[in-house]
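Undergrad: What shape does this take:
(chains A and B)
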Amino acid sequence: MAARAIWKGELKLGTTKVPIKLYSAVEDRTVRFHVLDDRAKKRVKQHMIDPDSGEEVPSEEIQKGYEIEPGKYVILTQEELEKLEPPASRDVELEEFLPQNTISQQWYDRPYYVGLDGDETSYFALVEALQNKEREAIAHWVMRKKYYAGVLRAVGDYLFLFTLRDAKEVILSSELTKPTGAAPNQKELAMATQLVEMLQGELDAKAYKDEYRERVMEFIEQKAKGRAPKLQPVKAKRKTTALDSVLAKSIEALRRKEKRAA
Amino acid sequence: MEPEEETSAGRPFWSGTLTFGLVSVPVSLFPATRGNRTSLRMLGPDGQPLARKYFAENTGKDLDADDVVRGYDVGKEKYVIVTDEELERLAPEKTRDIDLKQFVPAESIPPTHFERGYFLVPAAGSQKAYKLLAETMDKSELAGIATFVMRGKEYLIAIFSDNGILRAETMRFADELRSPSDVGLPKKGKTSKATVTKFEKLITNKSKKQFAPSKLEDKQADSLLKLVKKKQHKRGSVVRVEEEAESDQKVIDLVQVLKKSLGAKK
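TA: Residues are numbered from 1 along each chain as shown, chains lettered A, B, ... in the order given. Down below sits the predicted model:
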């Protein structure tokens, strides 16, 4: 079954436009729980209360405030907040093209499939051009009364638009300092490199399954039938041992495993 | 039951052991993003900060964290109750360890997988093993892949060495990503050489070598903060409330917390 588009618009490169539709690339499979009242075993509701009086405050009396210092708020009215909303537009402005992978994964928020909307020739030509040039585009657009910044990439035969996080929210490693303490020596580094190389391979994402989700669902099914499923005891945290002997043992263990497999 | 919302900043999201081979590195995970910089607080008519509270629909009575449980809907208004302890005991090995079983070229991971970033901070005494892994990965340009359980959910993660600091990116599992045919996209048809060339020219014209992160600043957030600045000296638009003694709303600078944890001397 084909998915429903969440938005329609046009990619804009100067005066050239390519009509597109956006689809979520993500299928949420999180196990969803409800919050229940422990006594009645019924679902609960939420409301806002004044913590001092314990009284409920009805939604029409609620104001929104921005905390400028502890305990001091600037009130922003609904009208003011609406004025900050961007004017509606269908344009996805492709402002500049950068070498592929310039934007680090750290910025990535959500991926969307960019589907074509009528103009097949332009769509697939843009895919090819991006691939040939090995570029990704910085995009800006307005969707659901919100500004978005994103990166447009060609992956396989299709275009993807990744929404990006606000630059001021992302913490970069350059803002931090490297950990202090003793440095590993040359012998340890050589052994660790050997170990990592033995574990090196190609990523097969399909080989990694969410086994935990399956266990949770199985547990729920058992419990629903009135059974008491078995649970494992919680382990204590591990202790650390001397690095060089552990590295040597790791390499040895992997070698044995390889031999057995051969 | 733990509230589902984020715990206060400054405390790690997860603590456990990162392992590769038989080497173990006790670490803590801190988010690599600051909270929303324009989050607004709900206030009452007199400007008093409000609290969100659960209540029972039948009695109207407010419920504390101890009065609520987590339930899975099995239909007909029936729920299976699941506790925190049960969730942890379903996979105890995975809630404590991140076992790097594979290393892959860092650039080879499809970008659709990436979800959220965390910095890894070494626990006291594990700085050397931490540095060993970071330096080794830096040189080989590899990322370590593992699965682990954090807060009742299993994650696939990639761990990168970023300037000598280990950064984990949680990733979506393959079955959480739609394929082009799931979405209903048509198979690639023939393109015209002329159109491809036209787009290539447009791309070249707008190509840049360097990226300015300022291009990714949220304009809406900026204008909200400007409005706040304008209003903060205006009478009638600012409210001041007595600070609660045990306020958990303290603003914590995540970067300071990270710096302190990375630089811990022990």
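Undergrad: Pull the number of nearby residues for B:Gly164.
TA: Neighbour count for B:Gly164, taken as other Cβ atoms under 10 Å in any protein chain shown: 17. Yep, even glycine has a C-beta here, placed from its N, CA and C like the rest.
Undergrad: what's near enough to touch A:Glu192?
TA: If you look again at residue A:192, you'll see it is Ala, not Glu. Going by Cβ atoms under 8 Å, 6 or more residues apart in numbering or on different chains, A:Ala192 touches A:184, A:247, B:23, B:132-133, B:135-136.
Undergrad: All the strands of the stretch 151-266 of chain B, in order from the start?
TA: B:153-162, B:165-171, B:238-240 (DSSP state E, counting those that start in this stretch).
Undergrad: Give me the helices and strands touching the last one, please.
TA: The one in question is strand B:238-240. strand A:72-76 (3 or more Cβ pairs under 8 Å, 6 or more residues apart in numbering or on different chains; DSSP states H and E).
Undergrad: Any figure for the gap between B:Lys229 and chain A?
TA: Relative to chain A, B:Lys229 is positioned 9 Å away (Cβ to the nearest Cβ, to the nearest Å).
Undergrad: Likewise for B:Thr59?
TA: Where chain A is concerned, B:Thr59 sits at a distance of 8 Å (Cβ to the nearest Cβ).
Undergrad: Local confidence estimate at that residue?
TA: What the model reports for B:Thr59 is a pLDDT of 87.
Undergrad: ditto for B:Glu6
TA: For B:Glu6, the predicted pLDDT is 42.
Undergrad: Dump the strands of the stretch 151-266 of chain B to a markdown table, plus mean neighbour count.
TA: Formatted as a markdown table, the strands of the stretch 151-266 of chain B follow (neighbours: other Cβ atoms under 10 Å in any protein chain shown):
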| stretch | mean neighbour count |
| --- | --- |
| strand B:153-162 | 22 |
| strand B:165-171 | 23 |
| strand B:238-240 | 15 |
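Undergrad: Let me know whether A:Lys45 touches B:Phe55 as I believe.
TA: Yes - using Cβ atoms under 8 Å, A:Lys45 is in contact with B:Phe55, at 5.8 Å.
Undergrad: Between those two, which is the more surrounded one?
TA: Taking neighbours as other Cβ under 10 Å, A:Lys45 and B:Phe55 compare with B:Phe55 leading, 18 against 13.
Undergrad: Skipping its backbone neighbours, what lies nearest that one in space?
TA: B:Asp62 (5.0 Å; Cβ to Cβ, 6 or more residues apart in numbering or on different chains).
Undergrad: who touches the one you found in this structure?
TA: B:Asp62 touches A:49, A:54, B:53-55, counting by Cβ under 8 Å, 6+ apart.
Undergrad: residue boundaries of the helices in chain A?
TA: For chain A, helices defined by DSSP state H occupy the ranges A:78-83, A:120-133, A:186-198, A:211-224, A:243-261.
Undergrad: closest to B:Ala174 out of these?
TA: Nearest of those to B:Ala174, taken as Cβ to Cβ: helix A:211-224 at 12.9 Å.
Undergrad: Okay, buried residues for the closest one please.
TA: Using 16 or more other Cβ atoms under 10 Å in any protein chain shown as the test for burial, helix A:211-224 gives A:212-213, A:215-216, A:219-220, A:223.
Undergrad: Spit out the contact partners of A:Val74.
TA: So, once contact is read as Cβ under 8 Å, 6+ apart, A:Val74 ends up touching A:65-66, A:68, B:228, B:231-232, B:237-238.
Undergrad: Let me fix that, I meant to ask about B:Leu18.
TA: B:24-27, B:97-98, B:100, B:120, B:133, B:159, B:166.
Undergrad: and it, what element?
TA: B:Leu18 is located in strand B:14-20, with elements delineated by DSSP states H and E.
Undergrad: average model confidence for that strand?
TA: For strand B:14-20, mean pLDDT is 91.
Undergrad: Which neighbours in the sheet does that strand have, and how are they oriented?
TA: strand B:23-31 (antiparallel), strand B:97-99 (parallel) (DSSP bridges).
Undergrad: okay, the angle between the first one and helix A:186-198?
TA: Following axes from the mean of the first three to the mean of the last three Cα atoms, to 10 degrees, one obtains 80 degrees for the angle between strand B:23-31 and helix A:186-198.
Undergrad: Okay, buried residues for the very next helix or strand once past strand B:23-31 please.
TA: The element immediately downstream of strand B:23-31 (helix or strand, assigned by DSSP H and E) is strand B:41-43. Neighbour-count burial for strand B:41-43, counted by 16+ other Cβ under 10 Å, picks out B:Leu43.
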